[in-house]
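In: Pasting a predicted model and its sequence here:
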Amino acid sequence: MPDLSPQRAAVLAFIRERIEGGQPPSLAEIAARFGFASVTAAKKHVQALADAGQVELAPNQRRGIRLPERSAARPELVTLPVLGRVAAGVPIGADIGLEQELRLDRRLFSLPPHYLLRVQGDSMIGDGILDGDLVGVHRSAEARNGQTVVARIDEELTIKRLERGRGSIRLLPRNPAHAPIVVRPGQDFAIEGIYCGLVRRG
């Protein structure tokens, strides 16, 4: 799967969820679901997914989004442990303990996920990551600038976008109500993994 942005990956997951439920979403429904100002923004994301080969578009149809045949084939199921919570807001203490295991379609994720964490907070709503979502995490101690990561700061976990500057590290929220987290020199900091998709349970 191409390296999709977190928001675009969330749009793709929503489209797949709706199609598997029996009906593709309309552009208006995608815009409403993600809080886009207009259907034009939704169309831009859907067209980008089509250009990347992740969806196909039937012309002149209100619900003309389709999954390519290879994506509509039998699900590639993986068993993933739900290991606790991660803060989308102020970092929370690590709550790592096996809650349950879920069998999910591997194609929901942009990278192979190793485990799931339950989101607590609203700091990442701009990327379509909401309170209560289960986020897939690909274990990695390294990440590129701009990637969304699960980071550990003084034994507390948070999910944010990574910003590396000259001699500085900041963890950026995607909600203007929250301030960036600046990693101070000498602070215990580590990247636990890279965000690779989400599951929203009704």
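Out: Cool, the structure landed.
In: Does the nearest residue to Leu157 once chain neighbours are set aside belong to a helix, a strand or coil?
Out: Closest residue in space to Leu157, ignoring its immediate chain neighbours: Val86 at 4.7 Å, by Cβ to Cβ, 6 or more residues apart in numbering. (Glycine included, C-beta is placed from N, CA and C.) Of the three states, Val86 takes strand under DSSP: H, G, I helix; E, B strand; the rest coil.
In: which residues does Val86 contact?
Out: Going by Cβ atoms under 8 Å, 6 or more residues apart in numbering, Val86 touches 92, 117-120, 135, 150, 157-159.
In: and what of Pro81?
Out: Applying Cβ under 8 Å, 6+ apart to Pro81 gives the contacts 98-101, 115-116.
In: Return the members of those residues classed as buried.
Out: 99, 115-116 (16 or more other Cβ atoms under 10 Å).
In: and the residues you listed as JSON lines, adding pLDDT, distance to Ala48 and secondary structure?
Out: Below are the buried ones among the contacts of Pro81 laid out as JSON lines (pLDDT from 0 to 100; distance: Cβ to Cβ, whole Å; DSSP: H, G, I helix; E, B strand; the rest coil):
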{"residue": "Glu99", "pLDDT": "71", "distance to Ala48": "34", "secondary structure": "coil"}
{"residue": "Tyr115", "pLDDT": "92", "distance to Ala48": "28", "secondary structure": "strand"}
{"residue": "Leu116", "pLDDT": "93", "distance to Ala48": "26", "secondary structure": "strand"}
